[in-house]
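Participant: I'd like to go over a predicted model; first the sequence, then the structure.
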Amino acid sequence: MGKVWICDAGSDPKPDGDRFQLAVEALGTGEIVGAVGSHQADARTGWFEYGITIGAEHRRQGYAAEAAVMLLRFMFDENRYRKCQVRIFAHNEASLALHRRLGFVEEGRLRGLVYLSGRHHDVVMMGMLAHEFTQAHPTTTTASP
């Protein structure tokens, strides 16, 4: 941990409840390396959906995992959501692997849902419950003197 900071992306000055977009900034350089955000949120039923993107030149450096954990911790711990969902193109092996490492479970596949680059692609639905996140990513606490 300690590679990124997530901050207001500046694209929407008025967030829509628990739906927001944040920039992922590399600590040390201040360079914006990507974005993370929640684009669906239903506080009544307790689920949200999020997305993350990291620029090609910054991938495989831990930025996505760290930014995702920060966002998930905020939504689960601070906002008390109980479930997170994510939609991933079935051919995006790196994102599927990242989300499995984070503790997400494949919940389904939407066949031929998206038309991109001249062909239809499947979308994999993955989910994680708040208690699964807490088990996979416990907070570290330090004892006070």
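Facilitator: Arrived safely, thanks for sending.

Participant: show me the helices in this protein, by range?
Facilitator: Secondary structure of the chain (DSSP state H): helices at 63-73, 93-102, 130-136.

Participant: winner for burial among these?
Facilitator: Ranked by average neighbour count under the criterion mean count of other C-beta atoms under 10 Å, the helices of the chain are headed by helix 63-73 at a mean of 21. Yep, even glycine has a C-beta here, placed from its N, CA and C like the rest.

Participant: ok and that helix relative to helix 93-102, angle-wise?
Facilitator: Counting by axes from the mean of the first three to the mean of the last three C-alpha atoms, to 10 degrees, helix 63-73 lies at 50 degrees to helix 93-102.

Participant: want to throw the helices of the chain into CSV with distance to residue 81 and mean pLDDT?
Facilitator: Below are those laid out as CSV (distance: least, C-beta to C-beta, whole Å; pLDDT from 0 to 100):
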stretch, distance to residue 81, mean pLDDT
helix 63-73, 9, 94
helix 93-102, 15, 97
helix 130-136, 7, 96
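
Participant: okay, the ones you listed in a markdown table with distance to residue 87 next?
Facilitator: Formatted as a markdown table, those follow (distance: least, C-beta to C-beta, whole Å):
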| stretch | distance to residue 87 |
| --- | --- |
| helix 63-73 | 14 |
| helix 93-102 | 10 |
| helix 130-136 | 18 |
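
Participant: out of those helices, which comes closest to residue 19?
Facilitator: Set against residue 19 and scored by C-beta to C-beta, those come closest in helix 63-73, at 12.1 Å.

Participant: helices and strands around that closest one, which ones?
Facilitator: Contacts defined by 3 or more C-beta pairs under 8 Å, 6 or more residues apart in numbering; DSSP states H and E place helix 63-73 against strand 4-8, strand 20-26, strand 32-42, strand 47-54, helix 93-102.
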